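Q: Give me coordinates for this.
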Amino acid sequence: MADWIMWLVAAGVLVALELFSGTFYLLMVAIGALAGALMAFLRVDLPGQMLAAAIVGIVATVLLRRSRYGKTAGADAQRDPNINLDIGQTVQVTHWVDGAARVMYRGALWDVELAPGAEARGGMFTIREVRGSTLIVAG
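A: Next up is the predicted model:
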């Protein structure tokens, strides 16, 4: 089997694995394998093929990392309702003592603090943030 065909098979396998990873990094390595296939097709020796594949793969990975697709958005898990399902739920607070209270929520007692600007009164409050075992609520 010709070298360039082996490089193409490797690129195809990497692209197939990429479909399961959810990132683009294996795709960048596959692009490097395509560069190796091109070098093999041009009858460059094996070390030259491997060097071209490595350089193109590394450059593609670095460019991906610097692009918006390679950066992960840093979500604050304490305030993100997509991460913490308690955000947006309601709790019943009967009375406050110096801006703090204790409530029964999901079968356990939780410390509750008021969010900045929230008024301390009895009633239903919405959970805005969870800090450890403390619920930060607002009216």
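
Q: what does stretch 34-43 contact?
A: 2-8, 10-11, 48-50, 52-53, 55-57 (CB atoms under 8 Å, 6 or more residues apart in numbering). To be clear about C-beta, it is placed using only N, CA and C from the backbone, and glycine gets the same treatment.

Q: Which members of those residues are classed as buried?
A: Among the contacts of stretch 34-43, those classed as buried by neighbour count (16 or more other CB atoms under 10 Å) are 3, 4, 7, 8, 10, 11, 49, 50, 52, 53, 56, 57.

Q: wait, which of those residues is closest to residue 65?
A: residue 57 (12.5 Å; CB to CB).

Q: Now the element after the lengthiest helix in the chain, going C-ward?
A: The residue-count maximum for a helix in the chain (DSSP state H) belongs to helix 46-66. Next along the chain after helix 46-66, taking DSSP states H and E as the criterion, comes strand 90-93.

Q: If you count neighbours, what's buried in the next helix or strand after that next one?
A: As assigned by DSSP H and E, the chain's next helix or strand after strand 90-93 is strand 100-105. For strand 100-105, a neighbour-count test (16+ other CB under 10 Å) marks 101, 103, 105 as buried.

Q: wait, doesn't the last one sit right on residue 91?
A: If I follow you right, that is residue 105. Yes - counting by CB atoms under 8 Å, residue 105 does reach residue 91; the two are 5.2 Å apart.

Q: any residues in contact with both of these two?
A: Joint contacts of residue 105 and residue 91 (CB under 8 Å, 6+ apart) are residue 135.

Q: okay, now the nearest residue to residue 71 once chain neighbours are set aside: neighbour count?
A: Once flanking residues are discounted, residue 71 sits nearest to residue 65: 7.7 Å by CB to CB, 6 or more residues apart in numbering. By the other CB atoms under 10 Å criterion, the neighbourhood of residue 65 contains 13 residues.
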